[in-house]
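>>> Quick one, fold the following:
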Amino acid sequence: MKKFRSSALTANFSPEEKRRALEVGMNDFLPKPLNQACMERLVNQARIRLSN
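Just a heads-up that it's a prediction; the model follows:
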């Protein structure tokens with residue numbers, strides 16, 4: 001069984017918010033407003049995981 005992956009999407013970007021999201025089990029953290037580089041990184045990482 002594959003492990004479920006989740007990403008936090010938040011408008012409150014701070015090191016503390018990122019730390020809390022990762023502590024509660026999020027696998028990634030995306031601050032708003034989203035930018036293309038962050039989205040491409042997330043999609044590429046998911047694609048690599050799914051191909052294995």
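
>>> Now name the helix or strand holding Leu30.
Per DSSP states H and E: Leu30 is located in strand 28-31.

>>> what residues does the lengthiest helix in the chain touch?
The helix that spans the most residues within the chain, counting by DSSP state H, is helix 36-51. With contacts defined as C-beta atoms under 8 Å, 6 or more residues apart in numbering, helix 36-51 is touched by 5, 7, 28, 30-31. Quick note: C-beta positions are derived from backbone N, CA and C, even for glycine.

>>> quick one: least confident of those residues?
The lowest pLDDT within the contacts of helix 36-51 belongs to Arg5, which sits at 79.

>>> Among the contacts of helix 36-51, the buried ones, what's the PyMOL command?
Only the buried entries of these go into this PyMOL selection, using 16 or more other C-beta atoms under 10 Å:
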select buried, resi 28+30+31
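
>>> Out of the contacts of helix 36-51, name the two that are farthest from one another.
Arg5 and Pro31 (18.0 Å; C-beta to C-beta).

>>> Please work out how many residues are found near Arg20.
15 (other C-beta atoms under 10 Å).

>>> Ignore what I typed, I meant Ala21.
20.

>>> List the contacts of it.
Counting by C-beta under 8 Å, 6+ apart, Ala21 has contacts 8, 10, 29.

>>> out of those, which are buried?
8, 29.

>>> Give me the below-cutoff pLDDT ranges for this protein.
1-2 (pLDDT under 70).
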